[in-house]
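>>> kindly return the folded structure for what I paste below:
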Amino acid sequence: MQRHLDVELEQLKGRITEMGRMVELQMQESIEALVARDPVKARQVIDRDHQVNAMEVGIDEDCVRMIALHQPEARDLRFVITAMKIITDLERMSDLATNISERVVELCEEPPVSIPPAIVEMSTIGRAMLTNALEAFVSRNTAMAKQVTLEDEKVNVLHRTLVRTIVESLRQHTGETSPIIRILFISRSLERFADHATNVAEIIMYMVEGKIIRHMV
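Numbering: from 1, shown residues only. Okay, the predicted model is just below:
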């Protein structure tokens, strides 16, 4: 007979995956809104942030309840702890997508500005990192999780290069600089999004192997 805890853990896995898909869609639509100068879509992303927040609270409460009620050991306990850590990163990633959408709304009220291709590329890589991290979570695939962590440097390089370009543009620009500053903010948010995807991948490696690799060189 299947343990009741096994059923709850499987349901927990599904809820975390659902939360991750919501966050991934938020990021996708925030960049779509940026490229299309679509404040309506941007506001829709902002309005959905509370749904992700509610999911985080609900999952966290269920994890605490499972620990108190079932007192899971070893592998099951690591799974629950992993879940609690992952949803924290997912909630922060949702906040970053929301912040980008808020900048999009502001940009739509100003003269059009060219969107650097690096912004779209960073978003594409970051979303793929999240997708693969979620797949690694479901399949307990540490090789896939490791690959996610390696992708982070690509986003870092794109962000650093874009920052240098923007700083040089600000030096030469004598007019309105606020749109450029907002693009810089969006780039920083995308870089942080990738950082959180990396965190998720590292947490998954802990779940499977029982080893904490964060901050290890």
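>>> who's in contact with Arg43?
Taking Cβ atoms under 8 Å, 6 or more residues apart in numbering as the contact definition, Arg43 lies against Ser101, Val105. For every residue, glycine as well, the C-beta is placed using N, CA and C.
>>> mind checking pLDDT for it?
Note for Arg43: predicted pLDDT of 97.
>>> swap in Arg65?
On the pLDDT scale, Arg65 is placed at 93.
>>> from Asn99, how far off is the spatially most central residue of the chain?
In the chain, the centroid-proximal residue (Cα atoms, centre = their mean) is Met93; its distance is 3.5 Å. Look at Met93 and Asn99: by Cβ to Cβ, to the nearest Å, they are 11 Å apart.
>>> where do the helices of the protein begin and end?
Secondary structure of the chain (DSSP state H): helices at 4-36, 39-47, 49-70, 74-107, 117-139, 142-172, 178-209.
>>> mind saving the C-alpha coords of the shortest one as CSV?
When you say that, I think you mean helix 39-47. Below are the C-alpha coordinates for helix 39-47, written out as CSV (Å, rounded to 0.1, in the frame of the first residue of the first chain):
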residue,chain,number,x,y,z
PRO,A,39,1.7,48.1,-21.3
VAL,A,40,-1.5,46.0,-21.1
LYS,A,41,0.5,42.7,-21.2
ALA,A,42,3.0,44.2,-18.8
ARG,A,43,0.2,45.0,-16.3
GLN,A,44,-1.2,41.5,-16.6
VAL,A,45,2.2,40.1,-15.6
ILE,A,46,2.2,42.5,-12.6
ASP,A,47,-1.3,41.5,-11.6
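>>> quick one: it to helix 4-36, angle?
Helix 39-47 and helix 4-36 are oriented at 150 degrees to each other (axes from the mean of the first three to the mean of the last three Cα atoms, to 10 degrees).
>>> in the protein, what spans have low per-residue confidence?
Within the chain, the ranges that satisfy pLDDT under 70 run 1-2, 173-176, 211-217.
>>> again, only using 90
Residue ranges of the chain with pLDDT under 90: 1-7, 69-76, 78, 111-113, 166-181, 206-217.
>>> one step back: in contact with the residue nearest to the centre of the chain, which residues?
Here Met93 is in contact with Val23, Met27, Leu130, Phe193, His196, Ala197 (Cβ under 8 Å, 6+ apart).
>>> pretty sure the second one sits against Arg127.
Yes. The pair Met27 and Arg127 qualifies as a contact (Cβ atoms under 8 Å) at a distance of 5.5 Å.
>>> distance from stretch 62-81 to the middle of the chain?
24 Å (Cα atoms, centre = their mean, to the nearest Å).
>>> measure Val163 to Arg140 for me?
Distance from Val163 to Arg140, by Cβ to Cβ: 37 Å.
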